[in-house]
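Undergrad: give me a model of this one.
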Amino acid sequence: MVTAAPTGTERRTLRKLMAAGLVGSSLEWYDFFIYATAAALVFPKLFFPEASPIVGLLLSFSTFWAGFVARPIGGLVFGHIGDKFGRKPALVICLALMASATFLIGLLPTSSSIGVFAPILLVLLRFAQGIAVGGQWGGVVLLLTESARANRRGFAGTFGQAGVPIGVILGNVAFIVASTTMSAQAFASWGWRIPFLASALLFPLVLFIQMKVEDSPVYREIAARRAADPSAVAQAPLKEALRTHRKAILFGAGLMFASNAVFYVSIAGVLSYATTELGLSRQSVLVISLLSSLVSVPVILLSGRLSDSYGRKPLIFAGALGLTLWAFPYFWLIDTKSLGLLFVSVTVAGIASSLVYGPIAAYLSELFEPHVRYSGASLAYQLASILVSGGTPFIMTALLGATGTSFSVSVFLALMGVVTLFSAWKLPETHHASEAPAEAKTD
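TA: Down below sits the predicted model:
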């Protein structure tokens, strides 16, 4: 069957949506990730001043984890909203919530001003960030993939995925500029707030999406079917997703284990480890993280495009195998204390991670039927966040403290790679499938 070429209007609509998705995802992840940098560099002294350095860092990373505990809640709540009322309304609410929570963190008094209430408020705002990003991912990637033709879904979805490394780049630039244009005392006192207050830039984008972007054609079809016959579409999409797609949810989460683990080791764990244990400068490590993320952006876009031609699973298998094999060289190079070898280490890991991450948007969406897709895909994606992502910096710090060697962290990363390989093996290929591959369901 020959697919007709997209019309000029279709191309313009998709390009506008891709641009909005990329910008929105980048700013959303920027807001989420600057917390990781602050948790590694400034929050221990500002919010846990009475704790020892290692305990303060663990407490700081535990507040970082709170955002990931909240992400499945956001996925559940906004998955239901997205399947019931539309992808766009769910996304707009999430973007507004993220901008508000991040801006308020920039205004938050520290423990020296309000005592124990400071870390409590910090955790609450971090929790709100987690709920927002938990719901946002499904909205962005479904608007992109459901608005693209079947042979372009993989590439279209990467414009949501590429927001992750771009968010890291923006966050690192913000902290580099803030920390290098003022004294260390000024940065610790008020300069760290500037990257958080910059989240106000999200609000104009929220208005643009609300006024200028249509919901996806797939959802508009679901809405039309529901209007014609309410019984034809699930009235409780989350419940149905959990009942009929358990396999896709569980193994879909497993697909993310390797990529998420090495990513959060690289952007948060290594930042703390390299500056406190290895004695490397903060600015140098931030610049390396920035440059590595620059490499990841085109790899994510390329992997999504290749997945449209060769399938989602081959790219994910290749990336997961690379991460498994690289787990030990990763820390061997970092432990040399060479900035050049540190760059090689995190960049190679970032490339392998991007091969997994690029096709994930299309792959997870294709594993679920349209009327439960937001709920199912969001739950799979965010389940990985609570099981792996948020805890990884904490686990790395605890392993280093307990064993005194990075070898234990390498073992952890290799195990995460094995989980991703096994999960990809258990799930069906989808890139030539229709809207809902029956093999992804659980009877």
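
Undergrad: quick one: least confident helix or strand in this structure?
TA: helix 237-244 (a mean of 75; mean pLDDT, DSSP states H and E).

Undergrad: the helix or strand that that one is followed by vs helix 237-244, what angle?
TA: Going down the chain from helix 237-244, the next helix or strand is helix 246-254, by DSSP states H and E. In terms of direction (axes from the mean of the first three to the mean of the last three Cα atoms, to 10 degrees), helix 246-254 departs from helix 237-244 by 100 degrees.

Undergrad: next SSE downstream of helix 246-254?
TA: Heading C-terminal from helix 246-254, the first helix or strand you meet, by DSSP H and E, is helix 257-264.

Undergrad: buried ones in that next one?
TA: 257-264 (16 or more other Cβ atoms under 10 Å). Any C-beta I mention is one placed from the backbone N, CA and C, and that applies to glycine too.

Undergrad: with distance to residue 384 and pLDDT added, can I get those in TSV?
TA: Below are the buried residues of helix 257-264 laid out as TSV (distance: Cβ to Cβ, whole Å; pLDDT from 0 to 100):
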residue	distance to residue 384	pLDDT
257	6	95
258	10	95
259	9	94
260	6	91
261	9	93
262	13	93
263	11	88
264	11	84
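
Undergrad: ok, of these, which one's closest to residue 89?
TA: Nearest to residue 89 among the buried residues of helix 257-264 is residue 260, at 27.6 Å by Cβ to Cβ.

Undergrad: skipping adjacent residues, who's closest to the closest one in space?
TA: residue 389 (4.3 Å; Cβ to Cβ, 6 or more residues apart in numbering).

Undergrad: same check, this time on residue 396
TA: residue 269 (4.0 Å).

Undergrad: list the contacts of the one you found.
TA: Neighbouring residues of residue 269 by Cβ atoms under 8 Å, 6 or more residues apart in numbering: 392-393, 396-397, 409.

Undergrad: please repeat the previous calculation with a cut-off of 7 Å.
TA: Counting by Cβ atoms under 7 Å, 6 or more residues apart in numbering, residue 269 touches 392-393, 396-397.

Undergrad: of all pairs in those residues, which one spans the longest distance?
TA: Farthest-apart pair in those is 392 and 397; separation 9.6 Å (Cβ to Cβ).

Undergrad: between these two, tell me which one has more neighbours.
TA: residue 392 (27 against 23; other Cβ atoms under 10 Å).

Undergrad: how about the more buried one, nearest residue that isn't a chain neighbour?
TA: residue 264 (4.1 Å).

Undergrad: how near is that neighbour to residue 184?
TA: Residue 264 is 26 Å from residue 184, where distance means Cβ to Cβ, to the nearest Å.

Undergrad: can you tell me what sits against the helix or strand hosting residue 313?
TA: Per DSSP H and E, residue 313 falls inside helix 312-334. The set of residues external to helix 312-334 that reach it, using Cβ under 7 Å, 6+ apart, is 154, 255, 258, 262, 270, 274, 303, 306-307, 341-342, 344-345, 348-349, 352-353, 355-356, 358-359, 362-363, 406, 409-410, 413-414, 417-418, 420-421, 424, 429-431.

Undergrad: quick one: which of those residues sit in helices?
TA: Using DSSP state H, the subset of the contacts of helix 312-334 located in helices is 154, 258, 262, 270, 274, 303, 306-307, 341-342, 344-345, 348-349, 352-353, 355-356, 358-359, 362-363, 409-410, 413-414, 417-418, 420-421, 424.

Undergrad: center of this structure, which residue is that?
TA: Centroid-nearest residue in the chain: residue 164, 5.8 Å away (criterion: Cα atoms, centre = their mean).

Undergrad: so where does that residue fall, helix or strand?
TA: Using DSSP H and E, residue 164 maps to helix 163-180.

Undergrad: helices or strands next to that helix in the packing?
TA: Helix 163-180 is packed against helix 8-41, helix 193-197, helix 282-310, with contacts defined by 3 or more Cβ pairs under 7 Å, 6 or more residues apart in numbering; DSSP states H and E.

Undergrad: mean confidence score for the last one?
TA: Averaged over helix 282-310, pLDDT sits at 91.

Undergrad: what comes up buried for it?
TA: By neighbour count with 16+ other Cβ under 10 Å, helix 282-310 contains the buried residues 282, 285-290, 292-293, 295-297, 299-308.

Undergrad: same thing with the first one?
TA: In terms of neighbour count (16+ other Cβ under 10 Å), helix 8-41 has its buried residues at 13-14, 17-18, 20-41.

Undergrad: next secondary structure after that helix?
TA: Counting by DSSP H and E, the next helix or strand C-terminal to helix 8-41 is helix 43-47.

Undergrad: got it, and the shortest one?
TA: On the C-terminal side of helix 193-197, the closest following helix or strand by DSSP H and E is helix 202-212.

Undergrad: for that next one, the distance to its chain's centre please.
TA: 21 Å (Cα atoms, centre = their mean, to the nearest Å).

Undergrad: so which bits of it are buried?
TA: In helix 202-212, counting by 16+ other Cβ under 10 Å, buried: 202, 205-206, 209.

Undergrad: give me the mean pLDDT for it.
TA: Helix 202-212 shows an average pLDDT of 79 in the prediction.

Undergrad: what's the angle between it and helix 8-41?
TA: Using the same axes, to 10 degrees: helix 202-212 against helix 8-41 is 160 degrees.

Undergrad: put the alpha carbons of helix 202-212 into CSV.
TA: Extracted C-alpha coordinates of helix 202-212, given in CSV (Å, rounded to 0.1, in the frame of the first residue of the first chain):
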residue,chain,number,x,y,z
LEU,A,202,7.3,29.0,30.1
PHE,A,203,4.2,31.1,30.5
PRO,A,204,4.2,32.6,27.0
LEU,A,205,4.6,29.1,25.6
VAL,A,206,1.6,27.9,27.6
LEU,A,207,-0.5,30.7,26.0
PHE,A,208,0.8,29.8,22.5
ILE,A,209,-0.1,26.1,22.8
GLN,A,210,-3.5,27.0,24.3
MET,A,211,-4.4,29.4,21.5
LYS,A,212,-2.6,28.1,18.4
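
Undergrad: pull the residues that contact that helix.
TA: Contacts to helix 202-212, defined as Cβ under 7 Å, 6+ apart, come from residues 20, 23-24, 27, 88, 91-92, 95-96, 98-99.

Undergrad: could you do stretch 175-194 as well?
TA: With Cβ under 7 Å, 6+ apart as the test, stretch 175-194 has contacts from 37-38, 42, 106, 195, 282-283, 286-287.
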